[in-house]
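Q: everything below, folded, please.
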Amino acid sequence: MFPDLFSIGPFTLHTYGLFVAAGFLSGLVAAVKIGKSEGISPQQTMDMGFFMIAAAIVGSRLLYVLMNLSYYLERPLDMVKMWEGGLVFSGGIVCVILIVLWYTRRHGLGFWKTADIWAPGMALGQAIGRIGCFMAGCCYGKPTGSDWGVVFTDPRSLAPLNVPLHPTQLYSSALNFIIFFILILLHRKKGFEGQVFLWLLVLHSTARLFVERFRGDDRGMIFQNGMTVTQLVTLVILVGAIVALFIFKRRHTRS
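A: As a prediction, the model looks like this:
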């Protein structure tokens with residue numbers, strides 16, 4: 001695809017970084033708009049967004065590094081080369097949850113209400129960011145003989161070259177756009193605080209488990225049964241979110 005848009009001297013604008021930045025910005029705009037409807041000032045939402053973006057980057061990169069620990073132990077300086085690809089959403093969302101817990105307690109905001117405000121934006125940011133993955137060739141799929149297989153030919157691409165591959169990045173992007181619109185509709189009709197965010201976890205985890213079946217890059221197998229680290233983390237998040245939804249729904253019905 002197009003790993004690099006252009007270069008001026010030593011400066012290179014990487015397509016991956018551009019789309020990840022656009023995803024964060026779009027998610028922030030969506031959260032500001034939803035936050036205003038919930039009585040939270042745009043400034044406070046943007047302040048919170050600064051911490052969340054930092055947490056998302058650190059958490060996403062940290063889990064990716066842990067999944068490929070042997071590689072990065074030999075090349076420790078590569079840990080910070082995020083422009084070459086390598087972010088795992090599950091790791092980012094765990095760190096974001098911790099940051100939101102800290103921020104809401106410090107500023108006297110409701111955690112679940114705040115999480116609901118950010119949920120659609122998180123899906124939107126992921127949808128746009130995955131297009132950057134596609135451009136860079138990271139998070140590539142398994143070889144396929146299907147008509148929609150994508151062939152990477154740019155030698156700077158992170159995907160195997162000249163082989164038709166499942167466009168797993170686009171699968172993920174399309175699913176996250178769908179999740180974004182579902183969450184927007186759900187936010188208008190939600191019955192209790194936390195419902196939108198928990199549905200984000202359920203929908204994203206389900207989509208992730210589906211896409212993981214077609215991933216062709218090294219996923220860090222565990223338990224010698226073909227399950228990857230990402231699948232295990234995603235499965236834990238999915239089960240936890242479903243249980244929480246039942247508990248919250250039951251409490252809401254009683255009240």
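Q: in three-state terms, label Tyr71 for me.
A: When the structure is reduced to helix, strand and coil (DSSP: H, G, I helix; E, B strand; the rest coil), Tyr71 reads as helix.
Q: number of nearby residues for it?
A: Around Tyr71 there are 12 other residues, counting by other C-beta atoms under 10 Å. Just so you know, the C-beta spots here come from the backbone N, C-alpha and C atoms, and that holds for glycine as well.
Q: what sits against it?
A: With contacts defined as C-beta atoms under 8 Å, 6 or more residues apart in numbering, the neighbours of Tyr71 are Asp78.
Q: and the pLDDT at it?
A: Confidence at Tyr71, expressed as pLDDT, is 80.
Q: buried sites along the helix or strand harbouring Tyr103?
A: For Tyr103, the host element (DSSP states H and E) is helix 89-107. Neighbour-count burial for helix 89-107, with 16 or more other C-beta atoms under 10 Å as criterion, is recorded at 89-97, 99-100, 103-104.
Q: which one of the residues you listed is nearest Gly132?
A: For these, the residue nearest Gly132 by C-beta to C-beta is Phe89; the value is 13.0 Å.
Q: quick one: contacts for Ile34?
A: Contact analysis of Ile34 by C-beta under 8 Å, 6+ apart lists Ile117, Pro120, Gly121, His187.
Q: show me where this protein has strands.
A: Using DSSP state E, the strands assigned to the chain run over residues 4-8, 11-14, 221-222, 227-228.
Q: CA atoms only for the first one, dumped as CSV, please.
A: Output for strand 4-8, consisting of C-alpha atoms alone and laid out as CSV, is shown next (Å, rounded to 0.1, in the frame of the first residue of the first chain):
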residue,chain,number,x,y,z
ASP,A,4,4.9,6.7,3.7
LEU,A,5,3.1,9.6,2.2
PHE,A,6,6.1,11.8,1.5
SER,A,7,9.6,12.7,2.8
ILE,A,8,11.3,16.1,3.1
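Q: the buried residues of helix 89-107 into CSV, with extra columns for distance to Pro167 and pLDDT?
A: Listed next are the buried residues of helix 89-107 as CSV, based on distance: C-beta to C-beta, whole Å; pLDDT from 0 to 100:
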residue, distance to Pro167, pLDDT
Phe89, 17, 66
Ser90, 21, 68
Gly91, 23, 77
Gly92, 22, 79
Ile93, 23, 77
Val94, 27, 83
Cys95, 28, 87
Val96, 27, 83
Ile97, 30, 84
Ile99, 32, 89
Val100, 32, 86
Tyr103, 36, 89
Thr104, 38, 89
